[in-house]
Each structure stands twice: as structure tokens, then as C-alpha cells.
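Asker: here's a sequence, model it:
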Amino acid sequence: MAMRPFFGIQLALMDEAGKEIELKNNRGILCIKKPWPSMAMTVYGDHERFLQTYLEPYRGYFFTGDSALADQDAHLRITGRVDDVMNVSGHRVGTAEIESVLNEHEDVAESAVVGFAHELTGEAVFAYVVLKEQTKSQNIQPELKSLVKQKIAAHAVPNKILITKHLPKTRSGKIMRRILRKFANNEFNELGDLSTLSEPQAIEEIKNLLLNNQTYHF
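Answerer: Residues are numbered from 1 along each chain as shown. Purely as a prediction, here's the structure:
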């Protein structure tokens, strides 16, 4: 749901270069421009960490750690956290931002994006996509590629896309990205603690798809 900020909160969207962009028909990193009454002032016992986390990433702004989308009426929608950032050919790309665009496609139910090692670009984008039951598109991968290129940039386009029926999640519904990241890097053993996994078949399904080369490459 897209909303306006609370009274007294002045928001800003920042681009990859750290410059403020128009708060209309844009997507970027969400920051706060001016102090507000309940603003955090420090982290107990570690003020330097507070400065590095919230004030130094975008000088003169308070960094929220979220990415956001502004519509034509300057209404904002949080698209995800930017903690998980990939470096693709020198460009910083947030996984949440790519997921948000993929999920805009009418046939996509949900997605999960991770980075994997790439000899040319350093990191590349791997997208796991779950489609809705009544999917209209017969060749959805190129459509997803085009959508990401149009909404973000060419460097954010997934290098690989895997269509799967399930994503591995914890019982609380959180996607287990560390497993997807291992799979994207062709690591299928030593997956770590799986005690919170809600649907074990999701792991086997994705593993089998990858081993049988069902990934769409660009």
C-alpha cells in the first residue's frame, strides 16, 4: 500500500550515486531529510556504529535501510530492505528492489533474488520465481528480463531465472535466502541448520531443477 509520510517527516529518495531524486514516479533508497522528535540519537555503547549505519551512507540524510517506490502522486511504498546488496559490474543493486519489480508482473506470485559469483561481473543476479496458478505467459522469463531492465537498469537484469513451485521458508514465513544463495553458487551440501524449515520438499524441488539444468540463462 502506497502512503504519504507522517506529519513532520520529510522523506527523500536517493539514487545509486547518493543524489536526491524527484519524489514522483521514481524508485530509490529511502532517507529522511530533517530531524524529527522521536529520532534515534545513538546506539547505546556504540555511537560510532550509529553514525556509520544511519548518518554516513548518505551525508546530510538519515538512512532508513529501506528501498521505496514513489508513484505519480508522491505516495510511497516500501519495497524492501537494502541490507542485501549485490555489486554487479561496479553497480550496487539491492535484491529487494529487483524482487519488487519481478512481483509487479501479473503472473508472478512471489520471488527471491540472490547474488552469485560471476567471472566477468564479480556478482550476477539469480532470481527464483513462483508463478500464480493460472499463468497466462508462455515465455515469462524474457518478459521478466525486460521488466527489470525497464524499471531499474540493464545491470539489474537477472543472469539466471529459475521457475519453481515453492521457496524454502521458515515456519514464520521468512524466505531462507542463505540456502538459495548456496544453490545459486552450485553448493548443494552443508546447508546448515534446517530445523526451522517449514516445507523440506521446497529444497529438494529446487535442487533437482538446478541439477537437471532447468535454469533460464540470459
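Asker: for residue 36, give its distance to residue 204.
Answerer: To residue 204, residue 36 is 49 Å away according to C-beta to C-beta, to the nearest Å. Quick note: C-beta positions are derived from backbone N, CA and C, even for glycine.
Asker: and for residue 105?
Answerer: 26 Å.
Asker: quick one: pLDDT of residue 1?
Answerer: The per-residue pLDDT reported for residue 1 equals 59.
Asker: distance from stretch 91-111 to the middle of the chain?
Answerer: Relative to the centre of its chain, stretch 91-111 is centred 6 Å away, using C-alpha atoms, centre = their mean, to the nearest Å.
Asker: if we go by neighbour counts, what in that stretch is buried?
Answerer: 91, 93-102, 105, 108, 110-111 (16 or more other C-beta atoms under 10 Å).
Asker: what about the strands in the chain?
Answerer: Here the chain has its strands, by DSSP state E, at 11-14, 20-21, 26-32, 62-70, 76-81, 85-88, 91-94, 108-118, 122-131, 160-163, 216-217.
Asker: what does the second one contact?
Answerer: Right, the one you point to is strand 20-21. Strand 20-21 is contacted from outside by 12, 13, 14, 15, 28, 61, using C-beta atoms under 8 Å, 6 or more residues apart in numbering.
Asker: for the buried residues of stretch 91-111, work out which two are farthest apart.
Answerer: Greatest spatial distance in these: 91 and 110, 24.7 Å, computed using C-beta to C-beta.
Asker: how much space between the one residue sitting closest to the centre of the chain and residue 179?
Answerer: The centroid of the chain falls nearest to residue 96 when counting by C-alpha atoms, centre = their mean (1.4 Å). For residue 96, the distance to residue 179 equals 18 Å [C-beta to C-beta].
Asker: tell me the domain ranges of the protein?
Answerer: The chain breaks down into these domains under automatic domain parsing: 11-80, 85-217.
Asker: how long is the first one from one end to the other?
Answerer: What that stands for is domain 11-80. Terminal residues of domain 11-80 lie 16 Å apart, using C-alpha to C-alpha, to the nearest Å.
Asker: excluding its backbone neighbours, what's nearest residue 8?
Answerer: Closest residue to residue 8 apart from its sequence neighbours, by C-beta to C-beta, 6 or more residues apart in numbering: residue 36 at 5.5 Å.
Asker: residue 140: what's it in contact with?
Answerer: 105, 107, 108, 129, 131, 163.
Asker: any chance of those in a markdown table, plus pLDDT?
Answerer: Output for the contacts of residue 140, formatted as a markdown table (pLDDT from 0 to 100):
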| residue | pLDDT |
| --- | --- |
| 105 | 93 |
| 107 | 94 |
| 108 | 95 |
| 129 | 96 |
| 131 | 94 |
| 163 | 94 |
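Asker: for residue 148, state which of these is nearest.
Answerer: Closest approach between these and residue 148, by C-beta to C-beta: residue 105, at 9.8 Å.
Asker: hang on, that closest one packs against residue 146?
Answerer: No: between residue 105 and residue 146 there is no contact under C-beta atoms under 8 Å: 10.0 Å.
Asker: and the residue nearest to residue 28 when sequence neighbours are not counted, how far is that from residue 97?
Answerer: Of all residues not flanking residue 28 in the chain, residue 13 sits nearest, at 3.8 Å (C-beta to C-beta, 6+ apart). Distance of residue 13 to residue 97, computed by C-beta to C-beta: 12 Å.
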